[in-house]
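Undergrad: starting from these lines, generate the structure:
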Amino acid sequence: MPLTFPPLPYADDALAPHISAKTLQFHHGKHHKAYVDKTNAAIAGTPLADKDLPAIIAAAHASNDTVLFNNAAQAWNHDFLWHSMTPGGGGAPTGKLADAIILDFGGQAAFDEAFTKAATGHFGSGWTWLVADGGKLAITTTHDADTPLVHGQTPLLTLDVWEHAYYLDYQNKRPDYVAAFLKSLVNWDFAADNFN
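TA: Numbering: from 1, shown residues only. Below you'll find the predicted structure:
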């Protein structure tokens, strides 16, 4: 069966004023949908046609199929992104994830500073991630469609730093977009579920 285009986990105006309905209509409804459609076209009639996205991504990465990898990974990354945000999010996690952030970053303020530096300093298109890697938390960035799934890391949350993710709302002010994500949007419950 073809991959399905997943709906947003909230209404398209639910993240306003930090991310507008217009941005989500384009970002989810056009960009994300195009990645799913192109992945389905690429796997039609192949042994990958009945696989899930992580399996398709792994196979495309292993075979150096750049076109399939880029579309499949972007489809997965975007679905993960929508769940990394929530209306009324932001702040700090609790429980085991909070303890791990204290242990591995020195506290929430230090994490926020490191995540901001990575997200604002990433040159060009890509993603900023909080991952579990070798028993520790780490912040990493990936270029274009690359994803921690093919690097032995467990993604906990992500922020899309491609310009299409924020340009309608923030123009060239990526730092303001990153600050809004950390202060008002990040879904720490989702990250904690991934961590657990």
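
Undergrad: I'd say Pro155 and Thr140 touch.
TA: No. With contact defined as Cβ atoms under 8 Å, Pro155 does not count as touching Thr140 (9.3 Å). C-beta: built from backbone N, CA, C; applies to glycine.

Undergrad: next, the residue lying farthest from the centre of the chain: secondary structure please.
TA: Residue distances from the centre of the chain (Cα atoms, centre = their mean) peak at Gly45, which lies 28.9 Å from the mean C-alpha position. The three-state label given to Gly45 by DSSP: H, G, I helix; E, B strand; the rest coil is coil.

Undergrad: quick one: it from Asp65, how far?
TA: Distance of Gly45 to Asp65, given as Cβ to Cβ, to the nearest Å: 15 Å.

Undergrad: now do Asp12
TA: Distance from Asp12 to Asp65, by Cβ to Cβ: 32 Å.

Undergrad: hang on, the earlier thing: overlap in contacts, Pro155 and Thr140.
TA: Taking Cβ atoms under 8 Å, 6 or more residues apart in numbering as the criterion, Pro155 and Thr140 both touch 129, 131, 148.

Undergrad: and stretch 169-179, which residues are buried?
TA: By 16 or more other Cβ atoms under 10 Å, the buried positions in stretch 169-179 come out as 169-170, 174, 177-179.

Undergrad: tell me the domain boundaries of this protein?
TA: Domain assignment for the chain by automatic domain parsing gives 21-84, 95-195.

Undergrad: quick one: closest of those domains to Leu3.
TA: Of all the domains of the chain, the one in closest proximity to Leu3, counting by Cβ to Cβ, is domain 21-84 (5.6 Å).

Undergrad: mean confidence for that closest one?
TA: For domain 21-84, mean pLDDT rounds to 97.

Undergrad: again with stretch 160-167
TA: pLDDT averaged over stretch 160-167 gives 95.
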